[in-house]
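*Asks:* How does the following fold in three dimensions:
(2 chains)
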Amino acid sequence: MVKVQRLLREATPYLYLLPALIFFGVFVLFPILWSFRLSFFDWRVVSERFVGLQKYAEVLQDSIFYVALGNTLLYAATSVAGQVFLGLFFAFLLNQNIRGRALFRLTYYIPVITSWAIVTVLWTMLLNPTRYGIVNYGLMSLGVIDAPIHWLTEAWLARLSVILLSIWKGVGWATVMFLGALQAIPQRVYEAADLDNASTWRKFRFITLPLMSPVVAIVTAQLIVGGFNIFPQVYILTGGGPVHSTESLITWQFLNAFTKLDFGYATAMGFLLLPFILAITLLQIRLVRREFEY
Amino acid sequence: MNTKATGQDSWKKIAGAVKSILTYGILIIGALLLIGPFLWMVSTSLKQKTEVFRFPPTLWPDSPTLANYVTVLTEAPIGRYFLNSLLIAGVTTFVTMFFVSLAAYSFARLEFKGKNFLFYLLMASLIAPGIATLVPNFMIVSAAGLLDTYAGILLPYIGWNIAGNLLTMRGFFRAIPSSIEDAAKLDNCSSFDIYYKVALPLVKNGLATLAVFVWLSAWDEFMWVLTITSGDAVRTMPVGLYLFQGPYITDWQLLTAAVTLGVLPSIIFFLFMQRYFVPTAAFEAYKG
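*Replies:* As a prediction, this is how the structure comes out:
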């Protein structure tokens, strides 16, 4: 009896872990290992054949892979820069003595919490290529353009649309993160600087900037991760077209996996990108660690 | 001397006024750009079909009507998608939070063999190439005969939400002083009672924050549902609306009504749960 009790007590920690670990094992761990195996196979619905590194070579020799890679880097770089820059700008404005700050914060955050795919459907209407598209209408009323723009069917405009949508959706998050960091800087630090007759620039340079930079770094790293995972924006807005010119890594991978059913190609592509993801993640972990030390 | 000082003062006043007009002006333009699309969406969803393609567009419908909402809910499966989304997001959130909190409690407060190994295994999985693992997930769900079922959608959701949330929640539990637990042990509480009645209430704010993000990510998810559904029975709002768009591409009054129904729950949820929206690093899981 005592023995059973002891056994039970020793088993308790594992019993608590069990449900989580089963789900983790079946839907995360096993798929990781299995996808690694798949990347060495030419997989057909009824049969599979070991092909070694052939699928990796196929990816590396595929011109569309490089288009997708280039686009993804472009999307990530521009949309992250846009979100960080505008987020800082709005955060500094809101950090002043502003009436209705809570309302502004709330408004800016609304695009952030809505569903990616759903707002992308909304944006296909906003970017309609006729004068009825509200973006075209707005730009025409302001006199910026004379005729309606075909946003989604011309390669560079389509890329621009993807980038603008990404910034629109995420800028509120950056703003709220930065505003929170600005407001966490104790007022007495600035007051002490005032006693020393410090100029606005010096206060910014020696108080605001060093206290803000870890938050900026973390937000940037997180946005980069998001930027690499760009999917519904491209899939719904442009479908990767015209002729694959706006394809992102994820849309291209998805197409190969579930339209062409080339599981080997899709998984090989995933593992080729692993070093990228690894580098960003390690950077992120380091940044978060550093912040905790403050 | 005196007039000069006043002159300077009034210059300062004017400069201050210009600055605050500029500040508010920019903030208001920013706000309009960010919620403008939603205002247009609501306005269009209340219009008659004939008014949608009038030029120049009307800001507010001549005679607002809810008929479009009735149409998408009765003649299209939007209501079905909506309920599916609610069900899947709700069950995913509830089960995930229960399993994750149990496991996190074990990691944070109990001693067992292999703890470090298991912990690092969970953490390492976070860098896995996301979509590559979608393929084996598809094979598993397909082999289990779960394509086009609720279980096929939400069981993987639960699995994918384990590792990231576990890391955060372990931190919450570790912050509880051990003296509280010791007191409960002296009172002869069982281990499960300590977890359920002592530890869990102490971390409930953090738990709520994580739950909000799990819910939102489940409401948001698109790729997986797109992959494993072939009929309307279990489809969720994001995929449903994407497919609805095809045949109704020119019926903006219907499309916007449907989109409004897809956006509204997130906004309402956000307004009610606002105090749990602590925008922190925990957000990363949702940022995809």
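*Asks:* what's the single longest helix in chain B?
*Replies:* helix B:2-45 (DSSP state H).
*Asks:* And it, what does it pack against?
*Replies:* helix A:63-94, helix A:101-113, helix A:116-126, helix A:155-184, helix B:252-272 (3 or more C-beta pairs under 8 Å, 6 or more residues apart in numbering or on different chains; DSSP states H and E). (Glycine included, C-beta is placed from N, CA and C.)
*Asks:* With B:Ala89 as the reference, name the closest of the ones you listed.
*Replies:* helix B:252-272 (8.6 Å; C-beta to C-beta).
*Asks:* quick one: the closest one to chain centroid distance?
*Replies:* Relative to its chain's centre, helix B:252-272 lies at 13 Å (C-alpha atoms, centre = their mean, to the nearest Å).
*Asks:* for the record, mean pLDDT for the longest helix of chain B?
*Replies:* Averaging pLDDT along helix B:2-45 gives 87.
*Asks:* right, and A:Leu93 touches B:Ile29 too?
*Replies:* No. Counting by C-beta atoms under 8 Å, A:Leu93 sits too far from B:Ile29 to count as a contact (11.2 Å).
*Asks:* Who has more neighbours out of those two?
*Replies:* Each of A:Leu93 and B:Ile29 has its neighbours counted (other C-beta atoms under 10 Å in any protein chain shown); A:Leu93 has more, 19 against 11.
*Asks:* In terms of pLDDT, where does that one sit?
*Replies:* pLDDT at A:Leu93 comes out at 93.
*Asks:* Got the phi and psi for A:Val144?
*Replies:* The phi/psi pair for A:Val144 (degrees, to the nearest 10) reads phi -70, psi -40.
*Asks:* per-domain residue ranges of the chain.
*Replies:* In the absence of a named chain, chain A is used. Using automatic domain parsing, the domains assigned to chain A come out as A:2-38, A:54-292.
*Asks:* try chain B instead
*Replies:* Taken from automatic domain parsing, chain B resolves into B:2-67, B:75-285.
*Asks:* quick one: which of those is nearest A:Ala174?
*Replies:* domain B:75-285 (9.5 Å).
*Asks:* What segments of the stretch 101-250 of chain B are helices?
*Replies:* Counting by DSSP state H, counting those that start in this stretch, the segments of the stretch 101-250 of chain B that form helices are B:115-125, B:134-143, B:150-160, B:162-174, B:178-186, B:191-193, B:200-202, B:204-220, B:223-228, B:237-245.
*Asks:* returning to what we had before: tell me the angle the longest helix of chain B makes with helix A:155-184.
*Replies:* Per axes from the mean of the first three to the mean of the last three C-alpha atoms, to 10 degrees, the angle that helix B:2-45 makes with helix A:155-184 is 130 degrees.
*Asks:* tilt between helix B:2-45 and helix A:101-113?
*Replies:* Going by the same axes, to 10 degrees, helix B:2-45 makes 40 degrees with helix A:101-113.
*Asks:* for the very next helix or strand once past helix B:2-45, packing partners?
*Replies:* Downstream of helix B:2-45, the next assigned helix or strand under DSSP states H and E is helix B:49-52. Helices and strands touching helix B:49-52, by 3+ C-beta pairs under 8 Å, 6+ apart, are helix B:252-272.
*Asks:* Would you mind listing the residues in contact with A:Thr251?
*Replies:* Under the criterion of C-beta atoms under 8 Å, 6 or more residues apart in numbering or on different chains, the contact list for A:Thr251 reads A:Ala68, A:Ile230, A:Phe231, A:Val234, A:Tyr235, A:Gly240.
*Asks:* for it, helix, strand, or coil?
*Replies:* helix (DSSP: H, G, I helix; E, B strand; the rest coil).
*Asks:* before we move on, the earlier item: how about the helices of the stretch 101-250 of chain B, which one is nearest A:Thr120?
*Replies:* Nearest to A:Thr120, of those and by C-beta to C-beta, is helix B:237-245 at 8.1 Å.
*Asks:* Give me the below-cutoff pLDDT ranges for the chain.
*Replies:* Looking at chain A here, since you left the chain open. By pLDDT under 70, the low-scoring segments of chain A are A:1, A:288-294.
*Asks:* that's the wrong chain, I wanted chain B
*Replies:* In chain B, residues with pLDDT under 70: B:1-6, B:129-130, B:278-288.
*Asks:* centroid residue for it?
*Replies:* The residue lying closest to the centre of chain B (C-alpha atoms, centre = their mean) is B:Leu216, at 1.6 Å.
*Asks:* Out of the helices and strands packed on helix B:2-45, which is the most enclosed?
*Replies:* helix A:116-126 (a mean of 24; mean count of other C-beta atoms under 10 Å in any protein chain shown).
*Asks:* Counting by contacts, list what that helix packs against.
*Replies:* Looks like helix A:116-126 contacts helix A:134-141, helix A:155-184, helix A:232-237, helix B:2-45, helix B:237-245, helix B:252-272 (3+ C-beta pairs under 8 Å, 6+ apart).
*Asks:* If we ignore the residues flanking it in sequence, what's nearest B:Asn139?
*Replies:* Check again: residue B:139 is Met, not Asn. Distances taken as C-beta to C-beta, 6 or more residues apart in numbering or on different chains place A:Trp34 nearest to B:Met139, at 7.5 Å, with adjacent residues excluded.
*Asks:* and the one you found, what element?
*Replies:* With DSSP H and E as the test, A:Trp34 turns up in helix A:30-38.
*Asks:* Kindly report the same for A:Arg49.
*Replies:* Here A:Arg49, judged by DSSP H and E, is contained in strand A:48-50.
*Asks:* That strand: partners in the sheet, and parallel or antiparallel?
*Replies:* In the sheet, strand A:48-50 lines up against strand A:41-43 (antiparallel) (DSSP bridges).
*Asks:* on that earlier part again, CSV for the contacts of A:Thr251, including distance to chain B?
*Replies:* Shown next, in CSV, are these (distance: C-beta to the nearest C-beta, whole Å):
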residue, distance to chain B
A:Ala68, 12
A:Ile230, 9
A:Phe231, 6
A:Val234, 12
A:Tyr235, 8
A:Gly240, 14
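*Asks:* Tell me the one of the residues you listed nearest A:Phe258?
*Replies:* For those, the nearest to A:Phe258 is A:Tyr235 (11.3 Å; C-beta to C-beta).
*Asks:* and that closest one, what is it in contact with?
*Replies:* With C-beta under 8 Å, 6+ apart, A:Tyr235 has these contacts: A:Thr251, A:Phe254, B:Phe222.
*Asks:* returning to what we had before: what's the strand holding A:Arg49 in contact with?
*Replies:* A:Phe40, A:Phe41, A:Asp42.
*Asks:* For the nearest residue to the second one once chain neighbours are set aside, grab the count of nearby residues.
*Replies:* Closest residue to A:Phe41 in three dimensions, ignoring its sequence neighbours and counting by C-beta to C-beta, 6+ apart: A:Glu48, at 4.7 Å. The tally of other residues near A:Glu48 (other C-beta under 10 Å) stands at 15.
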